[in-house]
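> What would the 3D arrangement of this be:
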Amino acid sequence: MLDVAALTRRMKEGDEMAYRAFYEAYYSRLWRYLLVVTLGDEDATTEALQSALLRVVRHIKVFSDDTCFWGWLTVLARSALSDQRRGRRRYLAFLDRFTRHAELERSLPADTAADTKLLTLLESTLTSMLPEDRELVEAKYFDGHSVREIARGLDTSEKAVESRLVRVRRELKAALLEGLRNE
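Numbering: from 1, shown residues only. Presented below is the predicted three-dimensional model:
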């Protein structure tokens, strides 16, 4: 049986042999766990597992027993999978918006060139924002969610969401004005 306390202590100290022992002891087990969670999607399993292993290296702590350590590993693995899925959804949403924007641009008359430039600038500004700020703007203005719904989804107060929206709108406005000045 593996001494988890000693193993995790050595991993925390950066011992390469400890990481090899960890890999041999837990890689297959984590792979099987994620394969079940992903319903057999081997590509998603591989990607999530790699991300989870990186998180282990970055955030390793000393654990006293295998049960606690395994629980922590499964949380890291599920979190990595969730982040992977969220990133894929964002990418697909971006492609959808980009496609709709391109279709709209083709259908607009020539005198709306300024509007097209503004939409392009808005799209590039949104992609350069922090992910949580962009998600907030998208939820409120593109998806049409109320402040109450957003607050409930973020498990925070409506006042906190309104405050963040004020800050994000101010930053978005400044970035758009700066972009327009540069045109």
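> centre of the chain versus the strand or helix carrying Arg97, how much separation?
Here Arg97, judged by DSSP states H and E, is contained in helix 66-107. On the basis of CA atoms, centre = their mean, to the nearest Å, helix 66-107 sits 6 Å off its chain's mean C-alpha point.
> domains of this structure?
4-85, 108-182 (automatic domain parsing).
> between those, which one is nearest to Ala93?
The minimum distance between Ala93 and these falls on domain 108-182, with 7.6 Å, by CB to CB. C-beta: built from backbone N, CA, C; applies to glycine.
> elements contacting the lowest-mean-pLDDT helix or strand in the chain?
Lowest by mean pLDDT, DSSP states H and E among the helices and strands of the chain is helix 113-128, with a mean of 80. Contact partners of helix 113-128 among helices and strands, from 3 or more CB pairs under 8 Å, 6 or more residues apart in numbering; DSSP states H and E: helix 66-107, helix 131-137, helix 158-182.
> Tell me where the model's unsure across the chain.
1, 105, 108-114, 183 (pLDDT under 70).
> give the contact list for the most centrally placed residue in the chain.
Central residue of the chain (CA atoms, centre = their mean): Asp83, 4.5 Å from the mean position. Neighbouring residues of Asp83 by CB atoms under 8 Å, 6 or more residues apart in numbering: Ser51.
> roughly how far apart are it and Arg90?
Relative to Arg90, Asp83 is positioned 10 Å away (CB to CB, to the nearest Å).
> got JSON lines for the domains of the chain, with distance to Thr99 too?
JSON lines is the format used below for the domains of the chain (distance: least, CB to CB, whole Å):
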{"stretch": "domain 4-85", "distance to Thr99": "21"}
{"stretch": "domain 108-182", "distance to Thr99": "12"}
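> what's the most buried one of those?
domain 4-85 (a mean of 16; mean count of other CB atoms under 10 Å).
> how far does that one stretch from start to finish?
31 Å (CA to CA, to the nearest Å).
> That domain: how far from the chain's middle?
19 Å.
> what does stretch 170-183 give?
26 Å.
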